[in-house]
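[1] Here is a sequence together with a model predicted from it:
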Amino acid sequence: MLRIDETSGTLVAPEAAGLVQESPPDREELLGLVTSSWDAFAGELGLSGVRLLAREPVPYVDLLGLDEATNRVVVILVTGDTVEWQLGRALGAAADVASWDRERLVSVHADLEVIDGTQSPSLVLVAGGYDPRALATIDWLASRHDVPVSAYTVAMVRFGGERLLSVRREPADDAERAHDVDWLLSGGGAGAPRRVEDDEYTEAPPAT
């Protein structure tokens, strides 16, 4: 779980106790937080090998990254809402990016020159919640058809005057859920994700 630092607009490690659950941030705020604190957020997702390259390079793609281990483009969509119809939007975005030739990729970011075009982009969804049909579709695509798609739920709790952001991969089992927001609210305490210090903050590269 990460605390939202309202002053610096970054995500930092939380303190435990006194937590009250709230609605997730809206899309614009969440997108801004994720963009400005990508290293910390990617660590929460388990995607520390993905480098963020561009924000909103086209209207239907929120973030575009590069998985440096596999030289695969990563399409990331972010919303604080519950996802149902947005899954279709996300799949459409990934399909469109898959059709880009090298010239189009390089026009977004020069580092995408390493993409050979033989692999489909990975798709990462970050949302405030998921319709059961959306999760069933994601699981079916990933487990039955090897589509590189993954989903994460974000939850928000307030600690005094501070807000904290929790991230969980879906579908989550009971053990994972037990260590999420409900566990914190019951007094279990907070985890210790990496803190993003003020002097580590850098803007993510803008779309070109």
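    Sure thing, it's come through.

[2] Just the CA trace of the helix or strand encompassing Ala40, in PDB.
    Counting by DSSP states H and E, the element that carries Ala40 is helix 38-45. Only the C-alpha atoms of helix 38-45 are listed here, as PDB (Å, rounded to 0.1, in the frame of the first residue of the first chain):
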ATOM      1  CA  TRP A  38       5.900   5.000 -11.900                       C
ATOM      2  CA  ASP A  39       8.900   3.200 -10.300                       C
ATOM      3  CA  ALA A  40       7.000   3.000  -6.900                       C
ATOM      4  CA  PHE A  41       3.700   2.000  -8.600                       C
ATOM      5  CA  ALA A  42       5.300  -0.600 -10.900                       C
ATOM      6  CA  GLY A  43       7.000  -2.200  -7.900                       C
ATOM      7  CA  GLU A  44       3.500  -2.600  -6.300                       C
ATOM      8  CA  LEU A  45       2.300  -4.300  -9.500                       C
END
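
[3] Quick check: mean pLDDT of that helix?
    For helix 38-45, mean pLDDT is 94.

[4] Quick check: next helix or strand after that helix?
    strand 50-58.

[5] quick one, what contacts the residue nearest to the spatial centre of the chain?
    Taking CA atoms, centre = their mean as the criterion, Val126 is the residue nearest the geometric centre of the chain, at 4.6 Å. Contacts of Val126 were listed using CB atoms under 8 Å, 6 or more residues apart in numbering, and they are 30, 34, 45, 76-79, 151-152, 154, 167. C-beta coordinates here come from the backbone N, C-alpha and C atoms, glycine included.

[6] rerun that using 7 Å as the cut-off
    By CB atoms under 7 Å, 6 or more residues apart in numbering, Val126 lies in contact with 76, 78, 152, 154.

[7] Can you say which two of these are spatially most distant?
    Pairwise distances across these (CB to CB) peak at 12.8 Å, for the pair Ile76 and Val154.

[8] If anything else comes up later, I'll come back, but that's it for now.
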